[in-house]
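1. what follows is a protein structure lacking sequence information:
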């Protein structure tokens, strides 16, 4: 499938997120928080707490260059646990999800080659900047195959073993053994910001912190 043009991305973004933009009637959008991979259906949304967690709203300017950032901050009451991702919905509860995303600003192309990479469980990526204990996820690239042994959407821990400027290994636990990669492949890796609450707390998305893309 061909990607949308920049103009198309602006139109789609305005239609969903900018009540004064787009060419069709827009709907109200409510933002959610998630404790694990929200996928394409908005799973793992936070629940509970006292005060109770609830979705929030913000406003957006007209999309430009296929993207826009939120105009105003959103402050959420959250229960104990992790916050790792967001979702955008057409209702304050239940409803239909428009888009989801990780809290992440760093990503790159991950390549595992046949031979030593598979043997050593090494993920190759140029100047990744990752450190031990960072959290990363892998995302499928259309037309490519994710390295066997890695699961898209799973939050992994970067480990110190095998960590170099251009390569890293991951574990399902902090400081644990490397995930056994059994076949070559490619994927997108993404560093995820994990915010952990030991008890009831508040999570704020500041103005201009949420980058929305129209494709």
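-> On my side now, so go ahead. All figures in this text were calculated on a predicted structure; none of them were measured in a lab. Residues are numbered from 1 along each chain as shown.
2. residue 12 sits in which helix or strand?
-> For residue 12, the element it lies in under DSSP states H and E is helix 6-17.
3. what are the buried residues along that helix?
-> For helix 6-17, a neighbour-count test (16 or more other Cβ atoms under 10 Å) marks 9, 10, 11, 12, 13, 14, 15, 16, 17 as buried. All C-beta spots, glycine's among them, are computed from the backbone N, C-alpha and C.
4. verify the contact between the fifth one and residue 64 for me.
-> No - at 9.2 Å, residue 13 does not count as touching residue 64 under the criterion of Cβ atoms under 8 Å.
5. list the beta-bridge partners for residue 68.
-> On the basis of DSSP bridges, residue 68 is bridged to residue 212.
6. can you offset everything so residue one is 55?
-> With 55 as the first residue, the last one maps to residue 122.
7. list the contacts of it.
-> For residue 122, the contact set (Cβ atoms under 8 Å, 6 or more residues apart in numbering) comprises 67, 71, 72, 114, 115, 116, 266, 268.
8. reformat the residues you listed as CSV; add pLDDT.
-> Listed next are these as CSV, based on pLDDT from 0 to 100:
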residue, pLDDT
67, 89
71, 87
72, 81
114, 90
115, 89
116, 88
266, 90
268, 67
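9. if I look at the spatially most central residue of the chain, how far off is residue 99?
-> Nearest residue to the geometric centre of the chain (Cα atoms, centre = their mean): residue 156, 1.7 Å. Counting by Cβ to Cβ, to the nearest Å, the gap from residue 156 to residue 99 is 14 Å.
10. right, I'll leave it there.
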